[in-house]
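K.L.:
Coordinates only, no sequence provided:
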């Protein structure tokens, strides 16, 4: 069979574009899920919902962070060398590891749900949500094995579609289950939170079944390709050599974040003397701000997923020029996405929080949320930069340095939050300042490390300065537009929505005027010449 039929391989920007579109759809559905969910179960119920995620994320990072990266790198190398038998061996070996970790993780989360709830929040109100989410650990492990298989071959379509299916099911069933359990239990918000989690679990199951079907189609084609597979032991050793450092770093950071949540809850209740309901409400507000903060950062994940196999393939083929071009395109894309989001959150933090809350805000909620949103707007830039720089270093074979830098940043965050959250004038806002300092620290460490480990030397400032200028101008204009609209419109939400829409138009004009996108970038996209012509971008001679 013809080799080209083995898999639908996409260019870096094609893959990133497909994943980005899917991520936008998923995040929109996520907001449509979480906004009414918060209205249904309240800020304290939303805190229970997020407590389950705090525990789940630790186990998720242990289960799925290092192995998909290792799979992606190894499969990309094997595909570049035309060794399809080794691709099959990598997948089978990875699946055994995924299943083992997934089964153990699910059992730990289910058996110790009460203990986890008390450890994180110092109360037992979240155990139902934690228990409902436990099966997801096993299912997401299986899902990750499929996604790593496809991503390593630069085929991002199955991953994208599975994410959309998962989000749709979560939205429909999660809200319905939250409302139903809340009614059946007489308004018990802990069970309402568990109902919302149930939708997440079922959505993960649907995603797994879809990917299984797609895998069967592709594996049938791969089985007809040639190559010589390494032994299972050799493949396992290579896989774990890449995966273990990444997993330890991610797990360490998640454990630090979990410990950080415990510390700031403890500081609110003990150092400041807040009641349980007051501290849970503050945590719910902070968690909701983090949900908004996570949106622009999540749009960088498609870039990191796509950049690892693309750069790995280029380096395997000893094409340093292509590797550097791919890295610089990724840096430009990161800047184009994160800079305007950061500017918007910085200048319109409070209005955006208000816009994205459809329920009635509790007393003092907006006053608490506004400064959190402002600080998290700054953190968007550094968090996104860290995600991309870590991926570039991993593609170059440096999997240890990003781990060390992330753990250092996590420790800095814990120390800063311990100090700042205990200050009455800051309280929960101090946690957002700690987030900024954490990712700023990691960014500086990553830049210093890349000078040694990344041989292609991509230009960072050169590729981010124009998106920064465009975002800064847009941010200033957006603030003035909002102030003007809010002065005569009857609703601040309408004023914010119109200001954001105008900001999008201003930013699009600026990125064309400042030539933030290059002709080479356009050529990596489908119908690139047509896109370049529309944007009036010419090839440099």
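P.N.:
Done, it's in. This one's a predicted model, so the numbers in the text were calculated from it and none came from an experiment.
K.L.:
Could you use CA atoms for every contact and neighbour count after this?
P.N.:
Fine.
K.L.:
Just the pLDDT for the residue positioned nearest the centre of the chain.
P.N.:
In the chain, the residue lying closest to the centroid (CA atoms, centre = their mean) is residue 298, at 3.5 Å. Looking at residue 298, its pLDDT reads 84.
K.L.:
The one 3 residues further on too?
P.N.:
Here, the pLDDT recorded for residue 301 equals 83.
K.L.:
Skipping adjacent residues, who's closest to it in space?
P.N.:
Leaving aside its chain neighbours, residue 301 sits nearest to residue 387 (7.3 Å; criterion: CA to CA, 6 or more residues apart in numbering).
K.L.:
Verify the stated contact: the one you found with residue 300.
P.N.:
Yes. Contact criterion CA atoms under 8 Å: residue 387 and residue 300 qualify, at 7.3 Å.
K.L.:
of those two, who's got more company?
P.N.:
residue 300 (26 against 20; other CA atoms under 10 Å).
K.L.:
how close does the more buried one sit to residue 19?
P.N.:
When distance is defined by CA to CA, to the nearest Å, residue 300 is 10 Å away from residue 19.
K.L.:
Over to residue 48?
P.N.:
Taken as CA to CA, the span from residue 48 to residue 19 is 30 Å.
K.L.:
Comparing the two, which residue is more hemmed in?
P.N.:
The neighbour comparison of residue 48 against residue 19 (other CA under 10 Å) goes to residue 48, with 31 against 26.
K.L.:
which non-adjacent residue is nearest that one?
P.N.:
Nearest to residue 48 is residue 126, by CA to CA, 6+ apart, at 4.8 Å.
K.L.:
Within its local environment, how many residues does the one you found see?
P.N.:
Neighbours of residue 126 (other CA under 10 Å): 28.
K.L.:
what comes into contact with the host helix or strand of residue 120?
P.N.:
Per DSSP states H and E: residue 120 is located in helix 113-121. Helix 113-121 has contacts (CA atoms under 8 Å, 6 or more residues apart in numbering) with 51-52, 55, 109, 123-128, 130-131, 258-259, 261-262, 265, 280.
K.L.:
please redo it, this time with the cut-off set to 6 Å
P.N.:
Here helix 113-121 makes contact (CA atoms under 6 Å, 6 or more residues apart in numbering) with 124, 126-127, 130-131, 262.
K.L.:
C-terminal to it, what's the next element?
P.N.:
helix 127-133.
K.L.:
any idea how far that following helix is from the chain center?
P.N.:
22 Å (CA atoms, centre = their mean, to the nearest Å).
K.L.:
and it, what does it pack onto?
P.N.:
helix 113-121, helix 189-222 (3 or more CA pairs under 6 Å, 6 or more residues apart in numbering; DSSP states H and E).
K.L.:
same thing but at 10 Å, please
P.N.:
helix 12-64, helix 84-111, helix 113-121, helix 189-222 (3 or more CA pairs under 10 Å, 6 or more residues apart in numbering; DSSP states H and E).
K.L.:
what does that helix contact?
P.N.:
Helix 127-133 has contacts (CA atoms under 10 Å, 6 or more residues apart in numbering) with 45, 48-56, 106-107, 109-118, 190-202.
K.L.:
Go again with 8 Å.
P.N.:
Contacts of helix 127-133 (CA under 8 Å, 6+ apart): 48-49, 51-53, 55-56, 109-110, 113-114, 116-117, 190-191, 193-195, 197-198, 200-201.
K.L.:
mind putting the helices and strands packed on helix 127-133 in CSV, distance to residue 449 and mean pLDDT included?
P.N.:
Shown next, in CSV, are the helices and strands packed on helix 127-133 (distance: least, CA to CA, whole Å; pLDDT from 0 to 100):
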stretch, distance to residue 449, mean pLDDT
helix 12-64, 23, 79
helix 84-111, 29, 87
helix 113-121, 34, 79
helix 189-222, 37, 84
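K.L.:
The ones you listed: which one's closest to residue 470?
P.N.:
Closest to residue 470 of those is helix 12-64 (CA to CA; 21.0 Å).
K.L.:
Compute the inter-axis angle for the very next helix or strand once past the closest one and helix 84-111.
P.N.:
As assigned by DSSP H and E, the chain's next helix or strand after helix 12-64 is helix 66-80. In terms of direction (axes from the mean of the first three to the mean of the last three CA atoms, to 10 degrees), helix 66-80 departs from helix 84-111 by 170 degrees.
K.L.:
could you say what helices and strands helix 66-80 packs with?
P.N.:
helix 84-111, helix 135-152, helix 232-266, helix 301-316 (3 or more CA pairs under 8 Å, 6 or more residues apart in numbering; DSSP states H and E).
K.L.:
pLDDT averaged over that helix, what's the number?
P.N.:
Helix 66-80 carries an average pLDDT of 85.
K.L.:
between it and helix 135-152, what angle do the directions make?
P.N.:
Using the same axes, to 10 degrees: helix 66-80 against helix 135-152 is 20 degrees.
K.L.:
contacting residues around helix 66-80?
P.N.:
Here helix 66-80 has contacts from 84, 86-87, 90-91, 94, 144-145, 147-149, 151-154, 239-240, 242-247, 308-310, 312-313, 316-317, 395, using CA under 8 Å, 6+ apart.
K.L.:
what's the neighbour count on the nearest residue to residue 476 once chain neighbours are set aside?
P.N.:
Leaving aside its sequence neighbours, residue 476 sits nearest to residue 347 (CA to CA, 6+ apart; 7.8 Å). Counted with other CA under 10 Å, residues neighbouring residue 347 total 21.
K.L.:
list the contacts for residue 106?
P.N.:
Residues near residue 106 by CA under 8 Å, 6+ apart: 134-138.
K.L.:
any idea how far it lies from residue 442?
P.N.:
Taken as CA to CA, the span from residue 106 to residue 442 is 31 Å.
K.L.:
related to what we said a few turns ago, ok, the residue nearest to residue 48 to residue 215 distance?
P.N.:
With CA to CA as the criterion, residue 126 and residue 215 are 36 Å apart.
K.L.:
for residue 21, same thing?
P.N.:
Residue 21 is 22 Å from residue 215, by CA to CA.
K.L.:
picking up where we left off before, could I get the contacts of residue 106 as CSV with distance to residue 436 and pLDDT?
P.N.:
Shown next, in CSV, are those (distance: CA to CA, whole Å; pLDDT from 0 to 100):
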residue, distance to residue 436, pLDDT
134, 31, 85
135, 33, 87
136, 30, 86
137, 29, 84
138, 33, 89
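K.L.:
top of those by neighbour count?
P.N.:
residue 137 (31 neighbours).
K.L.:
which element is the residue nearest to residue 301 on?
P.N.:
helix 365-395.
K.L.:
That helix - contacts with which helices or strands?
P.N.:
So helix 365-395, by 3+ CA pairs under 8 Å, 6+ apart, packs with helix 276-298, helix 301-316, helix 320-347, helix 349-355, helix 429-453.
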